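Novice: Need a 3D model of the following:
(2 chains)
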Amino acid sequence: EAQVTQNPRYLITVTGKKLTVTCSQNMNHEYMSWYRQDPGLGLRQIYYSMNVEVTDKGDVPEGYKVSRKEKRNFPLILESPSPNQTSLYFCASRPDRGKAFFGQGTRLTVV
Amino acid sequence: EDQVTQSPEALRLQEGESSSLNCSYTVSGLRGLFWYRQDPGKGPEFLFTLYSAGEEKEKERLKATLTKKESFLHITAPKPEDSATYLCAVQVVGRTDSWGKLQFGAGTQVVVTP
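Specialist: Below you'll find the predicted structure:
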């Protein structure tokens, strides 16, 4: 079954404690992205990747890091999380001219 | 700057009461416009892709249309199971950093009551 898998689904952490949210896709897609979703603001792109070792900033990259060492994986790293990064995060993958497939979401709370 | 605006923000319908959602966009060059449905706490689910003005796509009670400045999602005779947030997104051409970028509107929350 074609899918994008994110882990964990829920995470509560404290300010400054490094964390990683994993994302994996099984469709051999070139493009992968991370979004955050906040009430009234919709989905905003954090980072995206066009292929292995190729990444670029989206609209709200501050405070986040990504890496794409393998085609199927695209982890999101928060080196020093802050409360304003409390949000619902989605990973997505898609082929060049195709629709995006989204993961189930990760609800992150930073206290 | 590329912009995607959806209206209304929220829509409450009686079962069977048809309506339309609007997605207006201001972009440098449209590569494609996408409609997604999102249920609470879940990831967006793909509905339609439209590539050029005049194009229409249909699926069950939903029909999407595209002009040069906006797209409409028409919901005909909705049922309670059509309750969801509907998201519009555009993919833009003409910039070196645009290949992976989908810009989303804030969404329209639709509630259909029996």
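Novice: the longest strand in chain A is where?
Specialist: strand A:42-51 (DSSP state E).
Novice: Quick check: pLDDT value at the residue nearest to residue B:47 when sequence neighbours are not counted.
Specialist: Nearest residue to residue B:47 in three dimensions, chain neighbours excluded: residue B:35, at 4.3 Å (C-beta to C-beta, 6 or more residues apart in numbering or on different chains). For the C-beta atoms, the positions are set from N, CA and C on the backbone; glycine is no exception. Looking at residue B:35, its pLDDT reads 97.
Novice: in which helix or strand would I find residue B:35?
Specialist: Per DSSP states H and E, residue B:35 falls inside strand B:30-38.
Novice: So which elements touch the helix or strand that comes right after that strand?
Specialist: For strand B:30-38, the following helix or strand on the C-terminal side (DSSP H and E) is strand B:45-50. Using 3 or more C-beta pairs under 8 Å, 6 or more residues apart in numbering or on different chains; DSSP states H and E, the elements in contact with strand B:45-50 are strand B:30-38, strand B:56-59, strand B:62-66.
Novice: helices or strands next to the second one in the packing?
Specialist: The reference is to strand B:56-59. Strand B:56-59 packs on strand B:45-50, strand B:62-66, going by 3+ C-beta pairs under 8 Å, 6+ apart.
Novice: centre of the chain versus it, how much separation?
Specialist: 12 Å (C-alpha atoms, centre = their mean, to the nearest Å).
Novice: What pairs with it, parallel or antiparallel?
Specialist: Here strand B:56-59 is paired, per DSSP bridges, with strand B:62-66 (antiparallel).
Novice: Measure how far the strand it pairs with is from the centre of its chain, please.
Specialist: In terms of C-alpha atoms, centre = their mean, the centre of strand B:62-66 is set 8 Å apart from its chain centre.
Novice: Can you pull out the low-pLDDT segments for chain B?
Specialist: B:93-100 (pLDDT under 70).
Novice: In chain A, what helix or strand scores lowest on average pLDDT?
Specialist: Among the helices and strands of chain A, strand A:54-57 carries the lowest confidence by mean pLDDT, DSSP states H and E, at a mean of 88.
Novice: Strand partners (parallel or antiparallel) of whatever helix or strand comes next after that one?
Specialist: Where DSSP H and E defines the elements, the next helix or strand beyond strand A:54-57 is strand A:65-66. In the sheet, strand A:65-66 lines up against strand A:76-78 (antiparallel) (DSSP bridges).
Novice: What's the first helix or strand after the strand it pairs with?
Specialist: For strand A:76-78, the following helix or strand on the C-terminal side (DSSP H and E) is strand A:87-94.
Novice: Tell me how far the next helix or strand after that following strand lies from the chain's centre.
Specialist: Next helix or strand after strand A:87-94 toward the C-terminus (DSSP H and E): strand A:101-102. Relative to its chain's centre, strand A:101-102 lies at 11 Å (C-alpha atoms, centre = their mean).
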